[in-house]
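J.: sequence and predicted structure, then a few things I'm wondering about:
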Amino acid sequence: MEEAKPGRPLPIARIVAPRSVAVVGASDDVGKFGGRVIHYLQKHGFPGQLLPINPNRAMIRGLPAFPRVSAAPVAADVAILAVPASSLEAQIADCAAAGVGACIVITGKLAEAGPEGAALQDRVLSIARAANMRLVGPNCLGIFNPIDRAMLSSSLALEEDDYAPGGIGMVSQSGALMGTLLSFGRHHGARFSRCISVGNQADLGLEDFLEYLVQDDDTRVIGLYIEGLRDPARFRALLRAAGKPVFIVKAGRSEAGAQAARSHTASLAGAFPAFEAICRDAGAVVMDDPQMMVLACDAAIRLPPLPAPGLGLAPIASSGGSTVTFADMLPGAGLRLAHMSDATRAALGRWMPDTHIALPVDTGSFHEGTSGDGLSDCIRAFMADDDVGAVVVPMTTQPDMAGRTALFPPLGREGGKPLLYLMTAGAVGDASRAVMRAADFPFYDRMSDAIAVIRALEAEAEGRARRVAPQPARPAGIGPEPALPAGALTEGEAKRLLAAYGIPVTREAAAMTADEAVAVARGIGFPAVLKGVSRAVVHKSDLGLVRLNLRDEAAVRTAFAEVVAALERAAPGAAEGCVIQEMARGEAELFLGATCDPQFGPMVLVGAGGVLVEFLQDVRTAPAPLSLADAHALIEGLRAAPLLRGLRGRPAADTAAAADALMRLSWLAADLGSRLVELDVNPLILRAAGRGAIAVDGRATLKEETP
Ligand code: ADP
Ligand code: MG
């Protein structure tokens, strides 16, 4: 047998599928942690060698027991410990002395419990490191590996029988949640490959097991429950290279961006949007509900992929109530009904009066006695229709429900597109669910579940397309970076930075006296804009430092006097005169922002509404740099995008120019890297299509260059 050797730790694949397992604290009493672990290993048919460890028993559950791990005749690949924290250190030392390959430590009250526990965890880790022994946990719920029948856990989810092997791999930072999700998945007929609860990640962590699942051929789709990342760069690289669908739930998304609202970018950026943006960029799908994550993983395996993102849905069932309410949920979820082709209409016309040919289809309007055949025929027509992405059957109680249910798995399989079958009844629907489980076909209990799954599949289809998109290319027209001080920049300094990257900014010049202001305004032309300058001010207009639409010299003089006075009040000792600039006009305003996320690096943001951006919260975030196509897609992703296209006779705004500015800003952010604290263009004024966009305000804070 291959032993763990010094210098070469036991590979993860072997920890997940060990040939021998020592259960520390094994017992005949399933009320105890160790008792449950060995019971579950046996119950789920662990094929390797089991070594119960208990100093007070000679036999446990029919197996010879040993007083210590080091007293067993072989050095186990894996030891599972669910011992009290007080005896953990001694037990780990004994495992290390015995040459155990890895310990799965279910024991809690370690780093998560406070400084004393953290110190104990550190000692345990050094013992393991010195012996080249790996650790999973502590404070984890272990590993479920239905493929190798290695259920190395005390989770009550293992009370259920027959976790049939499948293709869903999972890594979870919550053990209890993972057990719950396994049981939930099993209810739905979802099947798992390998699921790992990583606990406190003293040694092996989420990124290590993610890498393992990416390489594992039995794992076809990956689900992740994440609380925090140890190695964001490695995580991102793994997602990019995954080559299989990855669905993620991240805890803590509701925590507001912790920073004070120093500027728009600081208050809008936040940790969660950056996380979501890098996942999306890498083709992974971030969801908010762990149960839906499991259903999405399952659908990605057991349903065919959506032909493309953005197609319509075809709901069909025998209840007008269920099909119509389902259809009503689509717009709110960003989904739509399909536009039926002539061929599809003709198919429907064979079974129902012409007046009823429309989506959603209520088979109650079929001609007498035709519903079963008509249903199959219509579903085949939908499957052949280019605008149909998926067929949805929201079944309600009806005679012969289970018999009718049996129609769908073959139709779904031959159609080559997802068919989502909903059984929305309670216990009376269990026979139908059993039919679906036996047919190895997914079912959903709620309309909202099916919607969540379709949205996840849509996002996955977009992710698939992203994964093959070329790397963005550096645009032409980037000049040398102007020399600028660290700290908060003035509007003029920020605009010089923007202009160096080819982003159009207002023509402007500084003025220290009213006469200078008038001279500048004459040069630029009326109407003009006058602003007070101070790097200590964040929002100028709040303090009366912005005067728009100055039509003549007199207006400039008055504005100058008033703004200088306001500036002395607002920023005593930090006034830097005034700036006079051209007055821009346009159809719409956008907010553009850039920042450097501490975990994921340079990011850009685009938001609707200019000054209203924080109120509207209509913001999209992406890692920098972007291609022009990425920048377009980001702007198109705003809820306000239809407004930019022109409504009620208003001309469309120049979104192409906005995308170009956003793309250029992303290269500026990428080049500045960690020197960039934050940069806002607020607003970028968009003129009518074809006439460009212009940055009328700029704000930036830079850090000292770190050599
Ligand atoms: P702040 O954001 O610091 O309050 P801004 O310079 O953005 O100050 O000015 C406030 C608002 O005035 C902007 O949101 C924009 O609507 C308008 N504005 C500012 N400068 C110009 C300009 N040069 N042309 C047209 N409108 C402008
Ligand atoms: Mg502004």
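T.: Perfect, thanks for sending it. Ligands and ions are numbered 1, 2, ... in the order given.
J.: for the rest of this, base every contact and every neighbour count on C-alpha atoms.
T.: Fine.
J.: quick one: end-to-end length of stretch 501-519, please.
T.: This stretch, stretch 501-519, spans 29 Å end to end (C-alpha to C-alpha, to the nearest Å).
J.: in that stretch, what counts as buried?
T.: Buried residues in stretch 501-519, counted by 16 or more other C-alpha atoms under 10 Å: 501-506, 508-511, 514, 516-519.
J.: leaving out sequence neighbours, find the closest residue to the residue nearest to the spatial centre of the chain.
T.: Most central in the chain under C-alpha atoms, centre = their mean is residue 286, positioned 2.2 Å from the mean C-alpha point. Once flanking residues are discounted, residue 286 sits nearest to residue 248: 4.7 Å by C-alpha to C-alpha, 6 or more residues apart in numbering.
J.: pretty sure that neighbour contacts residue 227?
T.: No - at 10.7 Å, residue 248 and residue 227 do not qualify as touching, with contact defined as C-alpha atoms under 8 Å.
J.: what's the spacing between the residue nearest to the centre of the chain and residue 276?
T.: 6 Å.
J.: got it, and residue 448?
T.: From residue 448 to residue 276 the distance is 22 Å (C-alpha to C-alpha).
J.: same question, residue 12
T.: Distance from residue 12 to residue 276, counting by C-alpha to C-alpha: 28 Å.
J.: again with residue 575
T.: Taking C-alpha to C-alpha, one finds residue 575 at 40 Å from residue 276.
J.: between the two, which one's more packed in?
T.: Between residue 575 and residue 276, counting by other C-alpha atoms under 10 Å, residue 276 is the more crowded of the two (22 against 19).
J.: what about stretch 362-374, average pLDDT?
T.: The pLDDT scores in stretch 362-374 average 86.
J.: what does it contact?
T.: Contacting residues not belonging to stretch 362-374 are listed as 316-320, 323, 348, 350-353, 356, 375, 404 [C-alpha atoms under 8 Å, 6 or more residues apart in numbering].
J.: repeat the analysis, applying 7 Å as the threshold.
T.: 316-320, 323, 351-352 (C-alpha atoms under 7 Å, 6 or more residues apart in numbering).
J.: could you work out the most separated pair of the residues you listed?
T.: Maximum pairwise distance in the contacts of stretch 362-374, criterion C-alpha to C-alpha, is 17.6 Å, between 323 and 351.
J.: which stretches in the stretch 1-150 of the chain count as helices?
T.: Ranges of helices in the stretch 1-150 of the chain, per DSSP state H, counting those that start in this stretch, are 12-16, 33-43, 85-98, 115-130.
J.: what residues sit buried inside the third one?
T.: By neighbour count, with 16+ other C-alpha under 10 Å as the criterion, the buried positions of helix 85-98 are 85, 88-89, 91-98.
J.: first-to-last residue distance for stretch 637-648?
T.: 21 Å.
J.: circling back to that earlier point, which of the buried residues of stretch 501-519 fall within helices?
T.: Per DSSP state H, helices hold the following members of the buried residues of stretch 501-519: 514, 516-519.
J.: which one of those residues is nearest to ligand 1?
T.: Nearest to ligand 1 among those: residue 517, at 14.6 Å, using C-alpha to the nearest ligand atom.
J.: beta partners of the closest residue in space to the closest one that isn't next to it in sequence?
T.: In space, and not counting its chain neighbours, residue 517 is closest to residue 511: 5.0 Å by C-alpha to C-alpha, 6+ apart. On the basis of DSSP bridges, residue 511 is bridged to residue 578.
J.: that older thread, give me the subset of the contacts of stretch 362-374 that lies in helices.
T.: Among the contacts of stretch 362-374, the ones falling in helices (DSSP H) are 320, 323.
J.: ok, of the contacts of stretch 362-374, which one's closest to ligand 1?
T.: Minimum distance to ligand 1 across these is 46.1 Å, recorded for residue 323 (C-alpha to the nearest ligand atom).
J.: sec struct for residue 154, please.
T.: Here residue 154 is recorded as coil under DSSP: H, G, I helix; E, B strand; the rest coil.
J.: near it, how many other residues are there?
T.: For residue 154, using other C-alpha under 10 Å, the count is 27.
J.: what sits against it?
T.: Residue 154 touches 33, 36-37, 141, counting by C-alpha under 7 Å, 6+ apart.
J.: just the pLDDT for it.
T.: 93.
J.: relative to ligand 1, how far out is it?
T.: To ligand 1, residue 154 is 57 Å away according to C-alpha to the nearest ligand atom, to the nearest Å.
J.: where does pLDDT dip in this protein?
T.: The model of the chain has pLDDT under 70 over residues 1-7, 255-270, 706-707.
J.: do a quick rundown of the helices in the stretch 301-450 of the chain.
T.: In the stretch 301-450 of the chain, the helices defined using DSSP H, counting those that start in this stretch lie at 320-329, 342-349, 371-384, 401-405, 408-415, 430-438, 447-467.
J.: residues in this structure within reach of ligand 1, list them.
T.: 529, 538-542, 546, 581-585, 611, 682-683, 696-697 (C-alpha under 6 Å from any ligand atom).
J.: make it 5 Å
T.: Proximity of the chain to ligand 1 is confined to 539-541, 583-584, 696-697 under the rule C-alpha under 5 Å from any ligand atom.
J.: quick one: which of those has the most company?
T.: Neighbour-wise, those (other C-alpha under 10 Å) top out at residue 696, 23 neighbours.
J.: now do the same contact list for it.
T.: Contacts here follow C-alpha under 7 Å, 6+ apart; on that basis residue 696 touches 505-506, 683-685.
J.: which of those fall in strands?
T.: Among those, the residues falling in strands (DSSP state E) are 683-685.
J.: out of the residues you listed, the closest to ligand 1 would be?
T.: Once C-alpha to the nearest ligand atom is applied, the member of the ones in strands among the contacts of residue 696 that ends up nearest ligand 1 is residue 683, at 5.3 Å.
J.: shouldn't residue 238 be in contact with residue 213?
T.: No - using C-alpha atoms under 7 Å, residue 238 is not in contact with residue 213; the gap is 10.1 Å.
J.: compare the two and say which is more crowded by neighbours.
T.: residue 213 (28 against 17).
J.: which residues touch the more buried one?
T.: Taking C-alpha under 7 Å, 6+ apart, we find residue 213 in contact with 169, 219.
J.: give me the distance between the closest residue to ligand 1 within the stretch 351-500 of the chain and residue 697.
T.: In the stretch 351-500 of the chain, the residue that lies nearest ligand 1 is residue 491 (7.9 Å; C-alpha to the nearest ligand atom). Remark: distance between residue 491 and residue 697 (C-alpha to C-alpha) = 6 Å.
J.: cool, and residue 671?
T.: Residue 671 is 21 Å from residue 697, by C-alpha to C-alpha.
J.: now residue 114
T.: Distance, residue 114 to residue 697, using C-alpha to C-alpha: 48 Å.
J.: thinking again about what came up before, thinking the residue nearest to residue 517 is in contact with residue 519, fair?
T.: No - if you go by C-alpha under 7 Å, residue 511 and residue 519 don't touch, sitting 8.8 Å apart.
J.: distance of the residue in the stretch 1-150 of the chain positioned nearest to ligand 1 from residue 143?
T.: For the stretch 1-150 of the chain, the residue closest to ligand 1 is residue 112, as judged by C-alpha to the nearest ligand atom, at 43.9 Å. Distance, residue 112 to residue 143, using C-alpha to C-alpha: 20 Å.
J.: quick one, which of those two is more surrounded?
T.: Per other C-alpha under 10 Å, whichever of residue 112 and residue 143 has more neighbours is residue 143, with 27 against 15.
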